[in-house]
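Asks: coords below, sequence missing:
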């Protein structure tokens, strides 16, 4: 297996994982963002879209930068090892970005709730 085939499989796997994670986060993160933005669905959808664009730019940019290698690949084992390291780093970056975003929006939601007035007190008449 030559270097070009190794590069192609690395690109296919890494970009495929990035697209899958981005779609999953976009779809599942909407509810969280709507809550973080106090029910403002339009703002939440806009931020969600911007996060996905940034997610793609950062991850695909890293994938492209990590494409090169200087290590000689004499056998199939070395190819698998090289790809596993590169894909592992991509997965770590995806996970770190996800947790960073969750942390930021959780803090925003907590600040928004801390400043929000308490729910109205209702007196229930007794019979």
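Replies: That came through, no problem. Computed from a predicted model, the values in this text were never measured in an experiment.

Asks: low-confidence ranges in this protein?
Replies: Applying pLDDT under 70 to the chain flags residues 1, 112-113, 115-125, 127.

Asks: what's the residue closest to the geometric middle of it?
Replies: By C-alpha atoms, centre = their mean, the mean C-alpha position of the chain lies nearest to residue 98, the distance being 4.1 Å.

Asks: Contacts only, for that residue.
Replies: Residue 98 sits next to 21, 25 when contact means C-beta atoms under 8 Å, 6 or more residues apart in numbering. For the C-beta atoms, the positions are set from N, CA and C on the backbone; glycine is no exception.

Asks: Next, it: secondary structure please.
Replies: helix (DSSP: H, G, I helix; E, B strand; the rest coil).

Asks: quick one: it from residue 59, how far?
Replies: Counting by C-beta to C-beta, to the nearest Å, the gap from residue 98 to residue 59 is 11 Å.

Asks: One more: residue 88?
Replies: With distances taken as C-beta to C-beta, residue 88 is found 14 Å from residue 59.

Asks: more neighbours, these two?
Replies: Just comparing residue 88 and residue 59: by other C-beta atoms under 10 Å the higher neighbour count belongs to residue 59, 21 against 10.

Asks: my guess is the more buried one meets residue 93, correct?
Replies: Yes - applying C-beta atoms under 8 Å as the test, residue 59 and residue 93 come out as touching, 6.4 Å apart.

Asks: got the contact list for stretch 7-26?
Replies: Counting by C-beta under 8 Å, 6+ apart, the neighbours of stretch 7-26 from elsewhere in the structure are 48-49, 51-52, 55-56, 59-60, 63, 67, 83, 86-87, 90-91, 94, 98, 101.
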